[in-house]
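> When you get a sec, could you give me coordinates for this:
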Amino acid sequence: MVSVIIPVYNSEKYLRQCLDSVLAQTFCDLEVIVVDDGSTDSSPAICDEYARRDVRMRVIHRSNGGLSAARNSGIDAATGEWYTFVDSDDSISPESIEKLMLAASQTGAGIACSMPAYDMRAIGKGSQKITVLDADDAIRRTLHQTLETTNSVCGKIYRSEIFDGLRFTPGLWYEDLDIFYRLYARSRRIAFVNRRLYFYRQHNDSFTRKWTPRRLDVLIVMKRMEAWIIANKPTLTHAVRDRHFAAACNMYLLVSRHDFRNPVRADLWQMIKRYRLKVLTGRGVRLKNRIGAALSYLGPSVFGRL
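I've put the predicted structure just below:
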């Protein structure tokens, strides 16, 4: 059985489409655990309505604690041998879970990943090709951002034991970036399905579409990740520093545009200087990061206006 974990917070506008897409799966051996994280709109009523209509669905109502805490509540309540996560403003292809389970079964992988779609018209597009990577290669390529999939926990399926003793960090943004490498490290194989099975809805309320100082949580996440990689998988040190560089550049540009007087701007520039030569000359680095490293030599004033 697959446990589908859906955290919900004030998602009334998109929630029905999300739930309909999950309940319409061609793979039927499901339990759907919806965690209402203290919503103040009509989301709780919608969740309860759907639970009355389909016995596979359970609703947990809890006080607001954030996305990570809601997902953790779903994991704690799950009874399936496999877990998958769907955010309440997104939706999935009808064949999503079936294709991911087939890939895991055929390859013996503990994690199977699909490609993302950012346009509904792309859902279901792709081929039957399955690529299998070991944990180190999957982590390396995800850090270098050279895979079609992302570090999001959504659009993937996981053997339940991979989460034994491991949970999302409550109160920390970039929670997916914070956990993906530890999940991958627990799986001997990771299968990648060349098919767009998960639709990421991008709208004005999306996390990546607005500036808030909480975006700087990524620096906490990267510091944690770099320390873990150095201690546990030192051969991936270059890859994690490439990703750290990318995060520092992104935050430097955002702070320069939206919060210029924030003292963290100077710290971010020092990070960029610390990593840029290795990024510029290292193997596996995507072109965008190499260009960023080269442009940083023009100085902080010019770089901040890019």
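> The protein: helices as residue ranges?
Using DSSP state H, the helices of the chain run over 15-23, 43-53, 67-77, 96-107, 135-143, 175-185, 217-232, 237-258, 264-281, 287-296, 300-303.
> between the ones you listed, which gets nearest to S88?
Among the helices of the chain, the nearest to S88 by C-beta to C-beta is helix 15-23 (5.2 Å). C-betas here are computed from N, CA, C, even on glycine.
> Against which helices or strands is the closest one packed?
strand 2-8, strand 30-37, helix 43-53, strand 91-92 (3 or more C-beta pairs under 8 Å, 6 or more residues apart in numbering; DSSP states H and E).
> picking up where we left off before, could the helices of the chain go into CSV alongside mean pLDDT and mean neighbour count?
Below are these laid out as CSV (pLDDT from 0 to 100; neighbours: other C-beta atoms under 10 Å):
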stretch, mean pLDDT, mean neighbour count
helix 15-23, 98, 20
helix 43-53, 97, 17
helix 67-77, 98, 20
helix 96-107, 97, 20
helix 135-143, 97, 21
helix 175-185, 97, 21
helix 217-232, 97, 17
helix 237-258, 95, 21
helix 264-281, 94, 17
helix 287-296, 94, 16
helix 300-303, 84, 13
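> M115: which of the ones you listed is closest?
Short answer: helix 96-107, nearest of those by C-beta to C-beta, at 10.8 Å.
> Dump the helices and strands packed on helix 15-23 into TSV; add distance to R265 as well.
What follows is the helices and strands packed on helix 15-23, written out as TSV (distance: least, C-beta to C-beta, whole Å):
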stretch	distance to R265
strand 2-8	33
strand 30-37	33
helix 43-53	38
strand 91-92	38
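> R241 is nearest to which of these?
strand 2-8 (31.6 Å).
> Quickly run through the sheet partners of the closest one, with directions.
Note on strand 2-8: by DSSP bridges, its sheet partners are strand 30-37 (parallel), strand 82-85 (parallel).
> so what's T84 bridging to?
Applying DSSP bridges, one finds that T84 bridges with V4, I157.
> so what's it up against?
Contacts for T84 (C-beta atoms under 8 Å, 6 or more residues apart in numbering) come out as 2-5, 97, 100, 154, 156-158.
> For G110, state which of these is nearest.
Y158 (6.9 Å).
> And the pLDDT for the closest one?
pLDDT, Y158: 98.
> How about the contacts made by it?
82-84, 110-111, 183, 187.
> nearest to V240, of those?
Looking across the contacts of Y158 and measuring by C-beta to C-beta, the closest to V240 is L183, at 15.5 Å.
> Need the nearest residue in space to the closest one, chain neighbours excluded.
I162 (5.7 Å; C-beta to C-beta, 6 or more residues apart in numbering).
> The one you found and S187 touch, don't they?
Yes - using C-beta atoms under 8 Å, I162 is in contact with S187, at 6.1 Å.
> So those two - more neighbours on which side?
S187 (21 against 17; other C-beta atoms under 10 Å).
> Now for the more buried one: which residues touch it?
S187 neighbours (C-beta under 8 Å, 6+ apart): 109-111, 135, 158-159, 162.
> among those, which are in strands?
The members of those that map onto strands under DSSP state E are 111, 158-159.
> quick revisit: just tell me which of the helices of the chain ends up closest to M120.
helix 15-23 (9.5 Å).
> on that earlier part again, closest to R243 out of the contacts of Y158?
The closest of those, once distances to R243 are taken by C-beta to C-beta, is L183, at 16.0 Å.
> Next, the contact list for that closest one, please.
Contacts of L183 (C-beta under 8 Å, 6+ apart): 111, 153, 158, 162-163, 166.
> Export these as JSON lines, with columns for distance to I139.
Shown next, in JSON lines, are the contacts of L183 (distance: C-beta to C-beta, whole Å):
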{"residue": "I111", "distance to I139": "11"}
{"residue": "V153", "distance to I139": "14"}
{"residue": "Y158", "distance to I139": "15"}
{"residue": "I162", "distance to I139": "14"}
{"residue": "F163", "distance to I139": "17"}
{"residue": "L166", "distance to I139": "15"}
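> So of the contacts of Y158, which two are at opposite extremes in space?
The most distant members of the contacts of Y158, if one measures by C-beta to C-beta, are T84 and S187, lying 14.4 Å apart.
> Make a markdown table out of the ones in strands among the contacts of S187 and add distance to L30.
Output for the ones in strands among the contacts of S187, formatted as a markdown table (distance: C-beta to C-beta, whole Å):
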| residue | distance to L30 |
| --- | --- |
| I111 | 18 |
| Y158 | 15 |
| R159 | 16 |
